[in-house]
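Asker: requesting a structural model of the entry that follows:
(chains A and B)
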2 protein chains.
Amino acid sequence: MTDKQISRAVIRRLPRYFRYLGELKDDGIEKISSQELSEIMHVTASQIRQDLNNFGGFGQQGYGYNVSFLYDEIGKILGLNHTHSLVLIGAGNLGRALAGYVNFEKRGFIMKGIFDISPEVIGDTIRDIPIMPIEEMPAFIKENNIDIGVIAIPKTAAVAIAKTLVDCGVRAIWNFSHIDLDVPDDVIVESVHLSESLMRLSYNINVYNSEHGIWEDD
Amino acid sequence: MTDKQISRAVIRRLPRYFRYLGELKDDGIEKISSQELSEIMHVTASQIRQDLNNFGGFGQQGYGYNVSFLYDEIGKILGLNHTHSLVLIGAGNLGRALAGYVNFEKRGFIMKGIFDISPEVIGDTIRDIPIMPIEEMPAFIKENNIDIGVIAIPKTAAVAIAKTLVDCGVRAIWNFSHIDLDVPDDVIVESVHLSESLMRLSYNINVYNSEHGIWEDD
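Answerer: Reported below is the predicted structural model:
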């Protein structure tokens, strides 16, 4: 594999290519030129060619890209040809939203168990996935070969849970708590910090306002 | 303002600086060197100096950064000295999670109304915010000077809702639906694509596995 030399910026864009190619495939489109892909994705054709060249010659001069082939190849690069077993910690609204996404399962991310501390929700299920007491998590992880832990609890409890996950041998953490988790180098963390996303939105409004002389003083 | 020359990479990092500085401030810490900040944030001290230099001389040689001052200045750059009025579209689990975050309100993001199509939830409230029928959204937006719309509905309905929001004069959209919204250039869109985040996680597991000769064939 040549993955190691691929820049993080390209990696960040790959899931978006995958999404567009999946839609094209669903629409029965077999091939597409970098120019056409450029128009629907709103990135330059040269950027597309450059990005996709990282993975070897998927495109053919004068023919374009084979949609289905490129979709499969990017899927492999993203590791979507393997399945992953997940546990979710936190059966609050965010956790329920995450457990409810059937599309994750289609991509090979299988949620096996949900854990919470609240007696009111323990024993319930979400899409047939049982909600269990947090004390049972370590044994469950080992018995079910769980490789990804999803943290959807407040930051005060997140650090201890991350440590437990790592101690149980989980390989990766999908973190929604508002804190950066300190884990060993061989554990992968992908964080979704919602408030940071909201601040970027706010920043862009602010820049727009100052460029256009709009001030909303309140 | 000097914002215009600031690279997108620096902008992406600003909310994280803001978060760490807020924690330091809460802990009563008044000043911090780039070296100390480097250690807690796990980025190099030279990166920190370079990033913060973009906004003029916040740091002082031999003294370090004034935490409270830097926090406030970054807050202003992020537009957090203004308040924003939001509507949420979609009172499902994800919408409920977003409406439930009291911290957004502390940062000046005030959710004024929630809209849904399901008769079962209309009339309910989340943190005293009423859930109203979607037909009432346009009038509500105009009467309440809403500037941000939050889309937490499936992608099939998201395009039409985004158009309605723009027609009603909303300035920015925080988009959680699994689609890129096509809006006029003067409308700001910040998207949180959860499945893309999960694919980046999967990619990193895959790279790790191939580097370490681990293959989980299933």
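Asker: show residues contacting stretch A:200-215.
Answerer: A:216, B:1, B:3-4, B:11-12, B:14-15, B:77-80, B:82, B:84, B:107-109, B:147-148, B:171-172, B:174, B:186, B:188, B:190 (CB atoms under 8 Å, 6 or more residues apart in numbering or on different chains). (Each C-beta comes from the backbone N, C-alpha and C, glycine too.)
Asker: which residues of chain A fall in strands?
Answerer: A:31-32, A:59-60, A:64-66, A:84-89, A:109-116, A:125-126, A:129-133, A:148-151, A:172-175, A:188-191 (DSSP state E).
Asker: which residue ranges make up the domains of chain A?
Answerer: When chain A is parsed with automatic domain parsing, its domains come out as A:3-77, A:84-196.
Asker: most packed of the ones you listed?
Answerer: Counting by mean count of other CB atoms under 10 Å in any protein chain shown, domain A:84-196 has the highest mean neighbour count of those, with a mean of 18.
Asker: could you tell me the end-to-end distance of that domain?
Answerer: End-to-end distance of domain A:84-196 (CA to CA, to the nearest Å): 28 Å.
Asker: ok, back up a step: can you lay out the strands of chain A as TSV showing mean pLDDT and distance to chain B?
Answerer: Output for the strands of chain A, formatted as TSV (pLDDT from 0 to 100; distance: least, CB to the nearest CB, whole Å):
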stretch	mean pLDDT	distance to chain B
strand A:31-32	91	17
strand A:59-60	63	21
strand A:64-66	86	19
strand A:84-89	98	7
strand A:109-116	97	6
strand A:125-126	96	9
strand A:129-133	97	14
strand A:148-151	98	7
strand A:172-175	98	5
strand A:188-191	96	4
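Asker: just put the ones you listed in JSON lines and tack on distance to residue A:166.
Answerer: Formatted as JSON lines, these follow (distance: least, CB to CB, whole Å):
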{"stretch": "strand A:31-32", "distance to residue A:166": "42"}
{"stretch": "strand A:59-60", "distance to residue A:166": "41"}
{"stretch": "strand A:64-66", "distance to residue A:166": "40"}
{"stretch": "strand A:84-89", "distance to residue A:166": "13"}
{"stretch": "strand A:109-116", "distance to residue A:166": "15"}
{"stretch": "strand A:125-126", "distance to residue A:166": "25"}
{"stretch": "strand A:129-133", "distance to residue A:166": "20"}
{"stretch": "strand A:148-151", "distance to residue A:166": "9"}
{"stretch": "strand A:172-175", "distance to residue A:166": "8"}
{"stretch": "strand A:188-191", "distance to residue A:166": "10"}
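Asker: what's the closest of those strands to residue B:51?
Answerer: For residue B:51, the closest of the strands of chain A is strand A:188-191, at 19.0 Å, according to CB to CB.
Asker: sorry, back to before: least reliable of the domains of chain A going by mean pLDDT?
Answerer: For the domains of chain A, mean pLDDT drops lowest on domain A:3-77, to a mean of 85.
Asker: can you count the residues close to residue A:205?
Answerer: 22 (other CB atoms under 10 Å in any protein chain shown).
Asker: quickly note the distance from it to residue A:131.
Answerer: 39 Å (CB to CB, to the nearest Å).
Asker: same check, this time on residue A:148
Answerer: In terms of CB to CB, residue A:148 sits 18 Å off from residue A:131.
Asker: just residue A:30 next, same as before
Answerer: Residue A:30 sits 44 Å away from residue A:131, going by CB to CB.
Asker: do residue A:114 as well
Answerer: In terms of CB to CB, residue A:114 sits 5 Å off from residue A:131.
Asker: likewise for residue A:177?
Answerer: Residue A:177 is 18 Å from residue A:131, by CB to CB.
Asker: I'd say residue A:24 and residue A:33 touch.
Answerer: No - look at residue A:24 against residue A:33 with CB atoms under 8 Å: they stay out of range, at 11.9 Å.
Asker: can you pull the contacts of residue A:158?
Answerer: By CB under 8 Å, 6+ apart, the contact set of residue A:158 is A:151, A:175, A:177, A:179, A:181.
Asker: thought residue A:97 was touching residue B:97?
Answerer: Yes - under the criterion of CB under 8 Å, residue A:97 makes contact with residue B:97 at 6.0 Å.
Asker: ok, residue A:138 - contacts?
Answerer: Per CB under 8 Å, 6+ apart, neighbours of residue A:138: A:164, A:167-168.
Asker: farthest-apart pair in the contacts of residue A:158, please.
Answerer: Longest span within these, CB to CB: A:151 and A:179, 9.4 Å.
Asker: quick one on the thing from earlier: intersection of neighbour lists for residue A:114 and residue A:131?
Answerer: residue A:91.
Asker: can I get the contacts of residue A:158 in TSV with distance to residue A:41?
Answerer: Shown next, in TSV, are the contacts of residue A:158 (distance: CB to CB, whole Å):
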residue	distance to residue A:41
A:151	32
A:175	28
A:177	32
A:179	34
A:181	32
